[in-house]
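Chemist: Below are the sequence and a predicted model; questions follow.
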Amino acid sequence: MLQTVETPSAPSIFTTDGSAGPLWGLVFKNLVLVVLTLGIYRFWAKTNVRRFLWRHTLVAGERLEYTGTGGELLKGFLIVFLGVLLPLSLVMNLASYLLETGMGRIAIFLWAIGILAFFYLPFCAVFFAVRYRFSRTRWRGIRFALPGSPWAYGRVAAGWWFLQILTLGLLSPVVGVRLWSYVFSSRERPRGCTEHSCPWSSWPCFGSAQSRCHLCYIFCHLSRKVDRGRIMNSGP
């Protein structure tokens, strides 16, 4: 007579030991400081929340580490504002002025450049943001990385977004999967990782190429949730 033997399930690779109470306390502290500094502290507030989430998440028993700083986020904001948004705003205002002075062709050309830039650059910014979070995530002292071109991602994302509009949103699930697949199709093993320190092939969650970056996807998703204020209560 055959007997079935139940084998214990493998322990989860991803575990957390944080609770909602300290997180809400941190969010409240950040909110007060953001108000007192007229919004300037929001870059450091975002960094504090990310560090909390990373610090209380363990992968194979080892904690993650977030090494980003509020100063880096502020620097990135200034680069985008002074190097992209302000020049584009000036171009659009110049186009309006030229249109009023009878130089319609030049005005239309400038308007076209501005509209294309406002449509295309936000997708590139998404890739830059995800790559930044990858590069500031460490595990066992190993830094993650996200190769690839943000400009190529911007073209792909813009095309899928256009198809999404044509189908009245019916392709939204497909677009989301395709874009994340594109992002993860060119990723590499975390820098400094060796077969001894990071035996990917022996871990189910890192067995395939796409799943190797699933961890960073989780934290990109979590940080967006926190950035938008949609923090959900969770137990310890």
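Modeler: Now that the structure is in, tell me what you want to look at.

Chemist: where do the helices sit along the chain?
Modeler: Assigned by DSSP state H, the helices in the chain fall at 20-36, 42-55, 70-80, 86-100, 104-135, 150-166, 172-184, 214-227.

Chemist: which strand of this structure spans the most residues?
Modeler: strand 62-66 (DSSP state E).

Chemist: gap between it and the chain center?
Modeler: 17 Å (C-alpha atoms, centre = their mean, to the nearest Å).

Chemist: Quick check: the gap between the spatially most central residue of the chain and Leu171.
Modeler: Nearest residue to the geometric centre of the chain (C-alpha atoms, centre = their mean): Val130, 3.3 Å. The spacing between Val130 and Leu171, counted by C-beta to C-beta, to the nearest Å, is 21 Å. Quick note: C-beta positions are derived from backbone N, CA and C, even for glycine.

Chemist: returning to what we had before: out of the helices of the chain, flag the one nearest Arg63.
Modeler: Ranking the helices of the chain by proximity to Arg63 (C-beta to C-beta) places helix 42-55 first, at 6.0 Å.

Chemist: quick one, that closest one and strand 62-66 angle?
Modeler: Calculated by axes from the mean of the first three to the mean of the last three C-alpha atoms, to 10 degrees, helix 42-55 forms an angle of 170 degrees with strand 62-66.

Chemist: Helix 42-55 vs helix 20-36, what angle?
Modeler: Using the same axes, to 10 degrees, helix 42-55 lies at 170 degrees relative to helix 20-36.

Chemist: which residues are in contact with helix 42-55?
Modeler: 18, 22-23, 26-27, 30-31, 33-34, 63-66, 68-71, 73-74, 77, 133, 137, 219, 222-223, 226-227 (C-beta atoms under 8 Å, 6 or more residues apart in numbering).

Chemist: nearest to Arg143, of the helices of the chain?
Modeler: helix 104-135 (6.5 Å).

Chemist: From the contact counts, what lies against that closest one?
Modeler: helix 70-80, helix 86-100, helix 150-166, helix 214-227 (3 or more C-beta pairs under 8 Å, 6 or more residues apart in numbering; DSSP states H and E).

Chemist: now the angle from that helix to helix 42-55?
Modeler: Going by the same axes, to 10 degrees, helix 104-135 makes 40 degrees with helix 42-55.

Chemist: Any buried residues in helix 104-135, and which?
Modeler: 107, 110-111, 114, 117, 121, 123-124, 126-135 (16 or more other C-beta atoms under 10 Å).

Chemist: just stretch 168-177 next, same as before
Modeler: Neighbour-count burial for stretch 168-177 [16+ other C-beta under 10 Å]: Leu171, Val175.

Chemist: can you check stretch 52-63 too?
Modeler: Neighbour-count burial for stretch 52-63 [16+ other C-beta under 10 Å]: Phe52, Leu53, Trp54, His56, Thr57, Leu58, Val59, Ala60.

Chemist: and what of stretch 21-36?
Modeler: Quick answer for stretch 21-36 (16+ other C-beta under 10 Å): Leu23, Val27, Asn30, Val34.

Chemist: returning to that earlier point: may I see the helices of the chain organised as CSV, with distance to Phe14 and mean pLDDT added?
Modeler: Listed next are the helices of the chain as CSV, based on distance: least, C-beta to C-beta, whole Å; pLDDT from 0 to 100:
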stretch, distance to Phe14, mean pLDDT
helix 20-36, 18, 92
helix 42-55, 12, 93
helix 70-80, 26, 95
helix 86-100, 41, 89
helix 104-135, 17, 90
helix 150-166, 26, 90
helix 172-184, 17, 82
helix 214-227, 7, 49
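
Chemist: Fine by me, we can end here.
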